[in-house]
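Trainee: pasting the structure only:
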């Protein structure tokens with residue numbers, strides 16, 4: 001079987017080379033017709049897995065969004081939450097994973113990666129606060145390690161966010177709301193020298209419900225220029241983001257219950273952060289009769305100063321345990337790929353292949369601080385990570401009702417670490433990994449398709465853990481997954497999908513940015529069921545409902561101290577309605593249930609479940625003027641955004657105490673929006 005699989009891959013590679021040299025003619029006049037996506041639904045017939053989909057701008061427009069990264073909650077089963085100040089990257093949960101701040105879920109914007117390896121706070125850190133939701137044209141998402149073009153951080157899934165090239169109308173928007181919320185947005189596009197210039201500017205301020213105001217200030221800006229000449233399309237984009245905030249981090253329940261602080265109080269008001277992200281990127285796309293070529297390049301300047309105190313006085317009873325995670329980073333990279341339509345061995349063929357390169361140059365440090373003042377340096381490193389990947393896959397039509405997509409990906413890494421504190425931790429390490437994929441699509445029969453997906457993936461570890469002189473972490477950790485799915489559109493207006501999935505992750509040592517050391521975990525298996533539904537009974541009304549149930553277990557509980565993977569998500573339910581231009585009314589309502597989960601390995605301590613309902617209601621006052629109101633936590637439920645269980649020590653305590661650590665969800669709040677379109 002393995003020899004047959006390799007033979008198919010080699011034959012496809014040889015075929016692609018021969019076509020590129022001018023051989024066989026195309027079987028289609030155009031390459032890969034673009035998937036047709038209705039206003040708020042996904043054309044399931046065009047996907048390669050039942051869990052794959054596309055989200056449109058229309059779907060986002062009537063969705064109440066508290067934080068920018070919540071646009072990713074359009075991915076069925078994905079939860080976006082926060083355990084600290086809103087200027088920090090969110091916490092993500094999907095498919096039995098606590099993805100921390102982004103590990104194992106890969107995200108891009110206009111082709112630029114947003115996950116950051118060897119980050120000061122956590123591997124794969126994914127801060128999406130620079131997003132402007134009104135400019136998003138679409139989000140395409142995938143789940144599982146089944147796609148050759150998806151590499152590091154994509155084992156659980158990926159989301160590719162694209163901004164629009166042009167706007168039908170300019171937007172001037174003002175938003176005022178609870179807890180000092182203010183937002184100004186201005187965006188527009190116009191023709192310039194045969195192309196389209198788009199710009200957007202955003203100012204955001206919010207105190208939140210916290211006893212120590214968050215004072216979160218966000219500035220966002222974007223300018224892009226897009227031009228089409230014949231078969232070619234060019235786009236250049238410059239973006240800038242700066243954020244500054246004070247943080248109320250998660251706190252022990254005993255501090256709230258005893259009255260030391262209120263529910264929205266802080267044990268270290270000096271926590272917070274400053275961050276920035278500036279980028280310049282270029283895109284090129286060419287459509288020929290049988291080939292689509294895409295290429296992009298980018299350079300990103302990123303920085304963060306993050307101050308946190310999660311254990312209070314456990315390690316230093318005098319000065320406290322606050323630490324500063326500091327980094328400055330330059331990222332440069334690009335991708336080039338082709339999609340080629342033809343035939344091979346008498347079968348219709350759509351071959352995709354490409355090269356992806358990236359280089360991160362990072363200065364990263366961990367300092368012990370008190371009220372943001374430096375006390376001593378714990379770690380300080382100069383890190384360089386260079387990676388290159390080749391991928392290839394081919395969609396073969398075995399018959400009118402059967403498609404097969406074999407693929408393979410090869411990644412190679414160079415990790416270079418220079419430690420300023422401990423020279424023994426300075427090293428250069430190399431690692432490579434190959435990841436084969438194989439997918440089958442059957443149908444459609446009566447508007448029904450069946451999917452069988454499988455593949456190998458990986459995620460990289462923090463370079464500082466890889467270069468450590470003792471207990472070094474595994475550079476590239478193997479994952480493998482499989483999925484059986486079905487999609488159906490036989491009922492008019494209803495699109496439904498069901499997926500049964502499984503994923504294994506190998507044993508590893510994980511570098512913990514909060515402590516500057518490595519922590520062991522064991523082999524694990526995750527499995528679950530996802531059911532997604534989209535019903536469009538009329539042009540103005542949409543109902544969607546998603547249910548995801550998953551299980552995460554260690555394979556060797558005698559080593560890990562229990563079989564439960566801590567903080568792994570188990571149950572998610574999301575139900576939403578959307579009304580678009582019904583007698584000048586528009587809006588939406590969403591219910592999100594985030595189920596209980598194990599907080600330690602033996603399942604003796606669990607988190608509380610939470611249910612939130614958010615609402616958006618708006619009215620077209622005049623031809624170009626809209627007024628709307630967002631209500632978050634409509635029923636004012638007392639919930640927790642996040643919950644952990646570990647040891648900490650308050651100033652009044654003689655020793656550490658194991659306790660639930662919570663970051664409370666926000667109470668009911670309002671935002672009033674006035675939008676003028678010109």
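Mentor: In hand now; what should we look at? Since the model is a prediction, treat every value here as computed from it, not as a measurement. Numbers count the residues shown, from 1 in each chain.
Trainee: what ranges do the helices span in the protein?
Mentor: Per DSSP state H, the chain carries helices over the ranges 2-20, 57-61, 253-257, 463-466, 557-560.
Trainee: rank these by pLDDT, which is bottom?
Mentor: The stretch with the lowest average pLDDT out of the helices of the chain is helix 2-20, scoring a mean of 38.
Trainee: Please report how far the closest residue to residue 493 other than its chain neighbours lies from residue 589.
Mentor: Spatial nearest neighbour of residue 493, chain neighbours left out: residue 536 (4.7 Å); criterion: C-beta to C-beta, 6 or more residues apart in numbering. From N, CA and C alone the C-beta is placed, and that goes for glycine too. From residue 536 over to residue 589 the distance is 16 Å, taken as C-beta to C-beta, to the nearest Å.
Trainee: Tell me how far residue 671 lies from residue 62.
Mentor: For residue 671, the distance to residue 62 - C-beta to C-beta - is 14 Å.
Trainee: end to end, how far does stretch 537-544 reach?
Mentor: This stretch, stretch 537-544, spans 11 Å end to end (C-alpha to C-alpha, to the nearest Å).
Trainee: distance between stretch 433-453 and the chain's centre?
Mentor: 24 Å (C-alpha atoms, centre = their mean, to the nearest Å).
Trainee: in that stretch, what counts as buried?
Mentor: Neighbour-count burial for stretch 433-453 flags 433, 435-444, 448-453 (criterion: 16 or more other C-beta atoms under 10 Å).
Trainee: Also stretch 646-655?
Mentor: 646, 648, 649, 650.
Trainee: Which strands border the longest strand along the chain, and is each parallel or antiparallel?
Mentor: When the chain is parsed with DSSP state E, its longest strand is strand 373-399. Next to strand 373-399 in the sheet, as set by DSSP bridges, lie strand 347-370 (antiparallel), strand 402-419 (antiparallel).
Trainee: okay, now residue 612: neighbour count?
Mentor: Using other C-beta atoms under 10 Å, residue 612 has 20 other residues around it.
Trainee: Let me know whether residue 89 touches residue 105 as I believe.
Mentor: No. Counting by C-beta atoms under 8 Å, residue 89 stays clear of residue 105, with 11.6 Å between them.
Trainee: anything in contact with each of the two?
Mentor: Common neighbours of residue 89 and residue 105, using C-beta atoms under 8 Å, 6 or more residues apart in numbering, are residue 126.
Trainee: Contact partners for residue 615?
Mentor: 64, 587, 588, 589, 590, 630, 631, 634.
Trainee: ok, now how distant is the first one from residue 615?
Mentor: Yep, that's residue 64 we're talking about. Residue 64 is 6 Å from residue 615, where distance means C-beta to C-beta.
Trainee: same thing with the fourth one?
Mentor: The spacing between residue 589 and residue 615, counted by C-beta to C-beta, is 5 Å.
Trainee: Give me the common contacts of these two.
Mentor: residue 64.
Trainee: who's in contact with the residue nearest to residue 653 when sequence neighbours are not counted?
Mentor: Leaving aside its chain neighbours, residue 653 sits nearest to residue 313 (7.7 Å; criterion: C-beta to C-beta, 6+ apart). Listed by C-beta under 8 Å, 6+ apart, the contact partners of residue 313 are 320, 321, 649, 650, 651, 653.
Trainee: I'd guessed the fifth one sits against residue 309; true?
Mentor: No. Here residue 651 lies out of contact with residue 309, judged by C-beta under 8 Å, at a distance of 11.5 Å.
Trainee: neighbours of residue 82, just the number please.
Mentor: 22.
Trainee: likewise residue 120?
Mentor: Residue 120 has 25 neighbours, counted by other C-beta under 10 Å.
Trainee: again with residue 257
Mentor: Neighbours around residue 257, by other C-beta under 10 Å: 10.
Trainee: and the gap between it and residue 56?
Mentor: 46 Å.
Trainee: what does residue 434 give?
Mentor: In terms of C-beta to C-beta, residue 434 sits 36 Å off from residue 56.
Trainee: partner residues bridging residue 554?
Mentor: Beta-bridge partners, per DSSP bridges, of residue 554: residue 524.
Trainee: Run a quick neighbour tally on it.
Mentor: As a burial measure, residue 554 scores 21 neighbours (other C-beta under 10 Å).
Trainee: my guess is it meets residue 601, correct?
Mentor: Yes. Counting by C-beta under 8 Å, residue 554 touches residue 601, with 7.1 Å between them.
Trainee: Could you name every residue contacting both of these two?
Mentor: Counting by C-beta under 8 Å, 6+ apart, the contacts common to residue 554 and residue 601 are 560, 562, 563, 564, 565.
Trainee: any chance of the buried residues of stretch 646-655 in TSV, plus distance to residue 201 and pLDDT?
Mentor: Formatted as TSV, the buried residues of stretch 646-655 follow (distance: C-beta to C-beta, whole Å; pLDDT from 0 to 100):
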residue	distance to residue 201	pLDDT
646	42	95
648	42	97
649	45	97
650	44	97
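Trainee: Compute the number of surrounding residues for the residue nearest to residue 666 when sequence neighbours are not counted.
Mentor: Using C-beta to C-beta, 6+ apart and skipping residues adjacent in sequence, the residue nearest residue 666 is residue 209, 5.4 Å away. Residue 209 has 17 neighbours, counted by other C-beta under 10 Å.
Trainee: Next: residue 672.
Mentor: Around residue 672 there are 14 residues (other C-beta under 10 Å).
Trainee: which residues does residue 186 contact?
Mentor: So residue 186 contacts 170, 171, 172, 173, 200, 201 (C-beta under 8 Å, 6+ apart).
Trainee: I'd like to know which of those residues are buried.
Mentor: Buried among the contacts of residue 186 (16+ other C-beta under 10 Å): 170, 171, 173, 200, 201.
Trainee: Check what pLDDT the third one gets.
Mentor: The predicted local distance difference test score for residue 173 is 97.
Trainee: ok, now the first one?
Mentor: According to the per-residue confidence, residue 170 scores 96 in pLDDT.
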